[in-house]
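Asks: Model the structure of this input:
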Amino acid sequence: MSGYRDLFDVSINDPATFWADAAKAVTWTREPQHILDDSNPPFYRWFPDGELNTCANALDRHVPERGDQAALIYDSPVTGTKRTYTYRELRDATAQFAGALRQLGVGKGDLVVVYMPMIPEAVIAMLACARLGAVHSVVFGGFAASELATRIDDAKPVVVVSASCGIEPTRVVEYKPMLDSALDIAEHKPRACVILQREQRPCQLLAGRDHDWRELTDSATPADPVPVAATDPLYVLYTSGTTGKPKGIVRDNGGHAVALLWSMRHIYDTAPGDVYWAASDVGWVVGHSYIVYAPLLLGATTVLYEGKPIGTPDAGAFWRVAAEHKVKALFTAPTAIRAIKKEDPDGALIGGYDLSSLKYLFQAGERLDPDTYHWAADKLGVPVIDHWWQTETGWAIAADPMGVQPLPVKPGSATVPMPGYDVQILHSDGAVAEPGEEGAICVKLPLPPGTLPTLWGDDHRYVSAYLSAFTGYYLTGDGGYIDSDGYLFVMGRTDDVINVAGHRLSTGSIEAVLAQHPAVAECAVIGVADEIKGQVPRGFVVLKSGASADRLAEELIAAVRDNIGAVAFFKKVDVVAALPKTRSGKILRKTMRAIADGREEPVPSTIEDPAVLDALTPVLRGQGA
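Replies: From the prediction side, this is the model:
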């Protein structure tokens with residue numbers, strides 16, 4: 001079973017055998033005999049009789065052979081700080097903080113909210129919860145008080161772990177006032193808060209409720225790992241909900257460990273001792289899976305970066321980190337590469353660093369447009385691997401399995417479904433699409449290990465949100481197609497399909513045309529209401545540094561007409577300074593559509609810079625229906 005197709009076929013036809021073999025990479029306190037419990041569909045559970053501790057798998061088991069190897073490299077250009085933790089040091093620090101949490105009454109099954117910046121203590125807090133058999137729920141550091149309060153009320157933590165502040169390139173963000181405000185708003189009151197004082201902006205602690213991280217930890221007795229059932233929750237991670245109430249994605253311990261270990265070797269071609277860098281944030285699923293858990297479960301070295309792709313100090317920041325720490329695989333979002341390309345279109349800064357250790361650039365989080373793919377591949381000279389997954393799945397639905405059999409790249413495609421993901425393209429009536437036909441991207445149940453088994457405290461919403469559209473299928477919410485070679489093309493959210501005079505068009509396909517223009521750094525296309533045609537596409541482009549806007553609109557309109565046809569009725573494109581995005585890099589197309597159509601649309605709490613949307617709003621309103 002050396003080839004991709006062999007592995008995939010076994011995973012679909014005999015999933016129990018496939019995942020039983022993968023589970024051998026995990027250290028169990030009780031090895032599972034029952035691999036898949038399918039007795040209560042659609043609630044499938046993996047390794048139901050297995051028992052383990054995720055923290056012990058990530059740290060303790062590596063100490064005998066890798067105790068002096070780097071486990072975590074912390075690199076913070078915003079504070080001028082660098083620090084390396086060996087596996088032994090990270091194990092000891094985690095055990096100590098787990099003991100501190102235990103002093104506050106945290107035990108197996110309890111939930112702890114973590115609201116912290118990109119610092120080692122955030123990783124330690126997550127691992128310490130796992131060590132105790134407690135559940136962590138990380139809220140992105142700097143989230144507004146109202147959003148934090150909503151998550152606290154839903155998760156009902158016994159303890160909140162936070163820091164006095166976060167550091168941005170141009171400002172210090174005080175976390176403690178937002179936490180205090182959130183706890184005033186929230187109906188649920190945790191019994192205690194643990195606050196890490198950062199020297200850039202210390203804060204006042206509330207007597208009786210707040211505890212200083214260092215004082216509490218210094219007085220604690222280190223805690224040993226607590227075995228939990230494979231089906232017990234490891235963490236809850238909130239994602240946006242259409243009703244305004246966030247959805248708490250549940251991740252279990254056993255399936256998570258098995259799937260992430262499999263992915264590190266087979267998708268990312270990473271081995272124990274290699275340096276792996278996911279340039280994300282621990283507040284997002286990429287940070288959970290590929291900053292904290294997967295590299296440490298494997299025995300690799302993970303990089304924790306407190307900085308930006310540009311501005312800390314320049315567009316060479318990523319290359320400096322990769323060179324300095326001898327990174328083998330870099331995983332980031334296409335928006336980060338587009339930002340670098342905009343500032344350094346010729347890639348001049350790349351040549352200033354020794355990137356001989358860098359073997360792969362992995363891209364996910366938003367569609368990797370062909371122009372960005374070609375730029376990165378040409379400038380870096382390494383494979384650029386697009387892959388596609390979601391907060392809900394926790395690891396890649398589709399990818400190029402570099403550790404199994406590197407497949408030919410098709411720019412614009414996330415390559416092929418990974419083992420366990422029986423991906424189907426379905427029409428609205430449930431019929432399976434022919435190769436090349438667009439439709440809803442769905443995954444036939446059961447989903448593989450590591451994916452969400454349900455939502456936190458809400459089985460009914462899990463079914464209604466993901467499983468009710470097509471019986472027996474998980475609805476991804478994305479649209480796309482599979483070509484005749486089995487390659488998956490993800491064209492965007494299904495609500496990014498517009499209907500122009502009866503013709504259904506993907507805004508992603510129009511964006512792909514715009515992105516090919518040499519002057520365009522990044523772009524977005526939305527459908528706005530039109531009295532005659534129902535909807536028409538509108539384009540927005542950001543120029544590369546030094547590029548000219550002269551005749552650009554004419555050239556882009558002509559390109560869409562040539563590549564897609566007059567049926568697209570693409571008549572309007574604006575050059576803008578920036579596009580509104582979430583902190584994870586997703587463009588806020590839904591919000592842009594609503595503003596253009598004159599509808600009231602709440603601005604997502606995850607927005608990176610509200611000023612960008614404010615500046616774009618007059619343009620959007622001027623070209624609505």
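Asks: buried stuff in the strand or helix carrying residue 151?
Replies: Per DSSP states H and E: residue 151 is located in helix 145-155. For helix 145-155, the neighbour count (16 or more other Cβ atoms under 10 Å) marks 145, 147, 148, 149, 150, 151, 152, 154, 155 as buried. Heads up, the C-betas are built off the backbone N, CA and C, glycines and all.
Asks: which one in these is the model shakiest on?
Replies: Among these, residue 147 has the lowest pLDDT, at 81.
Asks: ok, that one - contacts?
Replies: Neighbouring residues of residue 147 by Cβ atoms under 8 Å, 6 or more residues apart in numbering: 139, 246, 605.
Asks: From residue 604, how far off is it?
Replies: Going from residue 147 to residue 604 by Cβ to Cβ, to the nearest Å gives 9 Å.
Asks: cool, residue 407 as well?
Replies: Using Cβ to Cβ, residue 407 is found at 35 Å from residue 604.
Asks: Neighbour count for these two, which is higher?
Replies: Neighbours were tallied for residue 407 and for residue 604 using other Cβ atoms under 10 Å; the higher tally belongs to residue 407 (20 against 17).
Asks: before we move on, what SS does the more buried one have?
Replies: On the three-state scheme (DSSP: H, G, I helix; E, B strand; the rest coil), residue 407 is labelled coil.
Asks: how about it, phi and psi?
Replies: phi -100, psi 160 (degrees, to the nearest 10).
Asks: pretty sure it is touching residue 413, no?
Replies: No - with contacts counted by Cβ atoms under 8 Å, residue 407 stays clear of residue 413, the gap being 9.9 Å.
Asks: Checking residue 289 next. Helix, strand or coil?
Replies: Following three-state DSSP, residue 289 is assigned to helix.
Asks: burial count for it?
Replies: For residue 289, the count of nearby residues is 28 (other Cβ under 10 Å).
Asks: can you pull the pLDDT of it?
Replies: Looking at residue 289, its pLDDT reads 98.
Asks: Kindly indicate which of the buried residues of helix 145-155 lies nearest residue 378.
Replies: residue 147 (40.2 Å; Cβ to Cβ).
Asks: List the buried residues for the host helix or strand of residue 236?
Replies: Per DSSP H and E, residue 236 falls inside strand 233-239. Buried residues in strand 233-239, counting neighbours by 16+ other Cβ under 10 Å, are found at 233, 234, 235, 236, 237, 238, 239.
Asks: Residues in a beta bridge with the last one, which ones?
Replies: By that I understand residue 239. Here residue 239 sits in beta bridges with residue 247, as judged by DSSP bridges.
Asks: confidence score at it?
Replies: pLDDT, the model's per-residue confidence, is 84 for residue 239.
Asks: I'd assumed residue 391 was in contact with it.
Replies: Yes - at 4.6 Å, residue 239 and residue 391 qualify as touching, with contact defined as Cβ under 8 Å.
Asks: Need the residues touching each of the two.
Replies: Residues within reach of residue 239 and of residue 391 at once, by Cβ under 8 Å, 6+ apart, are residue 249.
Asks: Leaving out sequence neighbours, find the closest residue to residue 413.
Replies: Ranked by Cβ to Cβ, 6 or more residues apart in numbering and with sequence neighbours excluded, the top spatial neighbour of residue 413 is residue 487, at 4.5 Å.
Asks: so after the helix or strand bottoming out on mean pLDDT in the chain, what's the next helix or strand?
Replies: None of the helices or strands of the chain scores lower by mean pLDDT, DSSP states H and E than strand 503-506, at a mean of 66. Going down the chain from strand 503-506, the next helix or strand is helix 507-515, by DSSP H and E.
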